[in-house]
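A.B. asks: coords below, sequence missing:
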């Protein structure tokens, strides 16, 4: 499918997806495209968009990196968990922070009203997309490399995902198209997780 027809096909969202009140929850590493894809997906499915990193920063009145620098990475994880546990909404696309999957309680809460989609991007792609992980506000141990963090989180993303989208080499629009296809297949009872 050419990019033009792919983009056009995104505007023809199956009616049952528009009528379904459930949320679409995006999980994945920082740089996987959760925020960008989330905004596009919200537009294409007539849903509202929530970025949990922005909720954290707004509630705390400071950036994620400042929270990590002053209070530590575990504090950021606790703040994120508390915000996600208080989140009650329908018909939203929710881009979670990369560390949301560390909280079993938060993930169970989100899954009550939604489908969890893992945006699977390989480490070299993430490293190409993010020039400086040191200022990104990552909830990781100070001695932990990004590669180690990637390996640690990969198992958690896979554990919590209802759908996995391999995003390597895809545009944001193509990722959205795959998500829509997988969600439609899930609703019909034949998801394939691409």
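C.D. replies: Sure thing, it's come through. Not measured: the values here are computed from a predicted model. Residues are numbered from 1 along each chain as shown.
A.B. asks: residue 143: how many residues sit nearby?
C.D. replies: By other Cβ atoms under 10 Å, 6 other residues sit near residue 143. All C-beta atoms are positioned from the backbone trio N, CA, C, and that covers glycine.
A.B. asks: helix, strand, or coil at it?
C.D. replies: coil (DSSP: H, G, I helix; E, B strand; the rest coil).
A.B. asks: residue 53 too?
C.D. replies: helix.
A.B. asks: excluding chain neighbours, what is closest to it?
C.D. replies: residue 97 (5.0 Å; Cβ to Cβ, 6 or more residues apart in numbering).
A.B. asks: quick one: buried residues of stretch 158-167?
C.D. replies: 160, 161, 162, 163, 164, 165, 167 (16 or more other Cβ atoms under 10 Å).
A.B. asks: could these be laid out in TSV, adding pLDDT?
C.D. replies: TSV is the format used below for the buried residues of stretch 158-167 (pLDDT from 0 to 100):
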residue	pLDDT
160	97
161	96
162	94
163	95
164	97
165	97
167	95
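A.B. asks: can you put these in JSON lines and add distance to residue 90 and secondary structure?
C.D. replies: Below are the buried residues of stretch 158-167 laid out as JSON lines (distance: Cβ to Cβ, whole Å; DSSP: H, G, I helix; E, B strand; the rest coil):
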{"residue": "160", "distance to residue 90": "20", "secondary structure": "helix"}
{"residue": "161", "distance to residue 90": "21", "secondary structure": "coil"}
{"residue": "162", "distance to residue 90": "17", "secondary structure": "coil"}
{"residue": "163", "distance to residue 90": "19", "secondary structure": "strand"}
{"residue": "164", "distance to residue 90": "24", "secondary structure": "strand"}
{"residue": "165", "distance to residue 90": "23", "secondary structure": "strand"}
{"residue": "167", "distance to residue 90": "26", "secondary structure": "coil"}
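A.B. asks: sorry, back to before: and the residue nearest to residue 53, how many neighbours does it have?
C.D. replies: If you count neighbours by other Cβ under 10 Å, residue 97 ends up with 27.
A.B. asks: check residue 42 too.
C.D. replies: As a burial measure, residue 42 scores 20 neighbours (other Cβ under 10 Å).
A.B. asks: what of residue 104?
C.D. replies: 12.
A.B. asks: so how far is the longest strand anywhere in the chain off the chain centroid?
C.D. replies: Longest strand of the chain, by residue count under DSSP state E: strand 114-120. Centroid separation between strand 114-120 and its chain, computed with Cα atoms, centre = their mean, to the nearest Å, is 6 Å.
A.B. asks: partners of that strand, with directions?
C.D. replies: Within its sheet, and counting by DSSP bridges, strand 114-120 is paired with strand 23-27 (parallel), strand 163-166 (parallel).
A.B. asks: how about it: buried residues?
C.D. replies: Quick answer for strand 114-120 (16+ other Cβ under 10 Å): 114, 115, 116, 117, 118, 119, 120.
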